[in-house]
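Visitor: Build the 3D model from these lines:
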Amino acid sequence: MKQTRTDQRAVVITIAAVVAFLLCLCVAVILVFVPDRQTTEEPGAVVQVDVRSATLVIAHSPEKAALVKSLAERFNGAKQRTPDGQTMRIELIELTSEEMVNQALAGLNTYQAMTPDSSLWLDQLNRRWSQSQAGQSEPGAITSSLTGEPVRYAISPIVIAAWEDLARSLGWPDQPVSWSTLQERAQQDANFRWSHPSTAYASGLMATLAEFYAGAGVQRGLTAEMAQDPKTVEYVSAIEKSVKYYGEAELAVIQRVAQDRTALDAFVVSEQLVIAFNTGKFGNAAQSNKLVAIYPAEGSFWADHPLALLETPAVTDNQRRSFQAFREFLGGAETQKFIMEAGYRPTDLSISLTGEGSLFTAANGVDPRQPQTTLQLPTADVVQVVQNVWALTKRKTNVFLVVDTSGSMQGEKLSNAKVALRTFLAQIPSDQEKVGLVEFNTNVANIIELDVLAKNRAILNSSVDELSANGNTALLDGVRVAYGRLQQSAEPERINAIVAMTDGRENASMVSLRQLVGEIQADNRNLPVVIFCIAYGRDADYAVLQAIADASGGQVREGNEETIRELYKILSSYF
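Guide: I've put the predicted structure just below:
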């Protein structure tokens, strides 16, 4: 039977329709399965992907934001193109190193490359990735890394920063200063305050690793057995018990002491931040408040600032070309000199640190000849062991959560505060930390007594769930009750702290602000209690909170509905 022209046309139309359907289906698959790189909270968000894109998004750690931004601007200004005519471009997203690791493992694809402050995070990322893939690969197969081979473009040793007069009293620069020197000074002087960040941050983790190396008496090849040796644990425990409190990454610490020299006498940071401080980058009076870098006698680690590409199917060929071009740009002589001018040591060893105009001078508190000894980064498995042992040896905490449940907290504010409080509790893994809760509105409405989390974690979470809002704001009475409980506990070997939050203005307390401040200042001479205040929303009385915090050597933070959860998460790192 002959096929008519009409039939032939129908066949052509049908084929065309099928092809169009398949194309739409392919686009739909791309839209459904490729996460939006602009979204950090919702995995699987829809975004149209340009498979020719040459825009490379790089996640960077906060302390080098200014440097990375300048480098990206310089690279973008060259307007390099791919073979198919796409402009190579670098875009940036700021994340902590820990957030980079977590987002990469979650497959959010908000970035295609990452530059944390240390290769420690790449090691941890690839270790956790390998563990997650172990059951999905063929028997005997070698599980690939999630990142490609990194390039290191800037380095900076991890040092103990101290005020010059304090450093001299420790023996600097004539005598070597060790981790045990800090511990001995803390034993002799109750007013001596030193700190390092928690192990959630690179400088804190590397300081802790350095302590374990010192305790084991080695400079290379730290093993899990060495880290768990009773003598090593005893050495580290003695040092950690002299820490005032832990905290955030080094940038937050340096910004804090730039505002208030009395906040800390010594603290752990990277060398480049000492230079930045002494050259007035933080708005401080460098001439009268000079910091010096102490390179620990036992040896130092280096923040090596690696840049690595994530090896995922979401990375386009052109993004790979952009990565390679940026990698080559970072290694160029001109770029390396620019990096040195920003206070980092270049990876190009042919560039002198002592040439004319160098920032690596005694006037800026650093010594380009140091450190004399470099410690070897242990394997990711050993790092995990050290973190676990540190959780047992670190200085323990007594902390009261003081929570506003006045009428103005009704609705979304209280809901978000509950999430934040639960986050705080979840971020404290050790059941040996002691936590209590004081709720206030018109009066002090509820008290969960201080106890180890092994006993009251469930009670605290249940009480948080049951919080309800009504009445006025007796903030001062709430803080006073918590403060009194901590003074009564009389445990100076622990970090004693209060985290107090309010969204309104004091209007119901029996005690006055002047009276409360006077009590804190008097009693803190015997048992220091540091108070962190959170001004939740625009109506919170910042001046009152600042007065309370200042009396204890604490801090005030501002939060809102969007940031309150992250704020409590950050503060949990102090304990």
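Visitor: where do the helices sit along the stretch 101-250 of the chain?
Guide: Here the stretch 101-250 of the chain has its helices, by DSSP state H, counting those that start in this stretch, at 119-133, 164-169, 179-188, 202-216, 224-228, 230-240, 250-259.
Visitor: and the second one, what does it pack onto?
Guide: On a contact count with 3 or more Cβ pairs under 8 Å, 6 or more residues apart in numbering; DSSP states H and E, helix 164-169 meets strand 291-294. Where you see a C-beta, it was placed from the backbone N, CA and C, and this is true even at glycine.
Visitor: Test my guess that G283 contacts A258.
Guide: Yes: G283 is within contact range of A258, at 6.6 Å (criterion: Cβ atoms under 8 Å).
Visitor: between those two, who's got more neighbours?
Guide: Neighbours were counted for G283 and for A258 using other Cβ atoms under 10 Å; A258 has more, 20 against 9.
Visitor: May I have the predicted confidence score for that one?
Guide: pLDDT, A258: 92.
Visitor: going forward can the numbers begin at 56, since that is how I track them
Guide: Done: numbering now begins at 56, and the last item shifts to A313.
Visitor: my guess is it meets A331, correct?
Guide: No: with contact taken as Cβ under 8 Å, A313 and A331 are classed as non-touching, separated by 9.8 Å.
Visitor: Now do the shared contacts for these two.
Guide: Taking Cβ atoms under 8 Å, 6 or more residues apart in numbering as the criterion, A313 and A331 both touch F337.
Visitor: can I get the helices of the stretch 156-305 of the chain in a markdown table with distance to A114?
Guide: Listed next are these as a markdown table, based on distance: least, Cβ to Cβ, whole Å:
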| stretch | distance to A114 |
| --- | --- |
| helix 174-188 | 11 |
| helix 219-224 | 35 |
| helix 234-243 | 32 |
| helix 257-271 | 14 |
| helix 279-283 | 30 |
| helix 285-295 | 31 |
| helix 305-314 | 16 |
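Visitor: Just name the most buried of these.
Guide: helix 257-271 (a mean of 25; mean count of other Cβ atoms under 10 Å).
Visitor: now that helix, how far from the centre of its chain.
Guide: Put simply, helix 257-271 sits 17 Å off its chain's centre (Cα atoms, centre = their mean, to the nearest Å).
Visitor: For S199, find the nearest of the helices of the stretch 156-305 of the chain.
Guide: Ranking the helices of the stretch 156-305 of the chain by proximity to S199 (Cβ to Cβ) places helix 174-188 first, at 8.0 Å.
Visitor: List the contacts of that closest one.
Guide: Under Cβ under 8 Å, 6+ apart, the answer for helix 174-188 is 152-153, 155-156, 159-160, 169, 171, 198-202, 205, 207, 257, 260-261, 359, 361, 363, 432, 434-436, 438-439.
Visitor: Quick one, which of these are buried?
Guide: With burial judged by 16 or more other Cβ atoms under 10 Å, the buried subset of the contacts of helix 174-188 is 152-153, 155-156, 159, 169, 171, 200-202, 205, 207, 257, 260-261, 359, 361, 363, 432, 435, 438.
Visitor: Which of the contacts of helix 174-188 fall within strands?
Guide: Among those, the members found in strands (DSSP state E) are 169, 207, 361, 363.
Visitor: where does L492 fall, helix, sheet strand or coil?
Guide: Following DSSP: H, G, I helix; E, B strand; the rest coil, the label given to L492 is strand.
Visitor: Who is it paired with across the strands?
Guide: With DSSP bridges applied, L492 shows beta-bridge pairing to L456, I503.
Visitor: so what's it up against?
Guide: Per Cβ under 8 Å, 6+ apart, neighbours of L492: 455-458, 501-503, 515, 518-519.
Visitor: Tell me the confidence at it?
Guide: Value listed for L492 in the pLDDT field: 98.
Visitor: same question, E383
Guide: 98.
Visitor: Since that was my last question, I'll sign off now.
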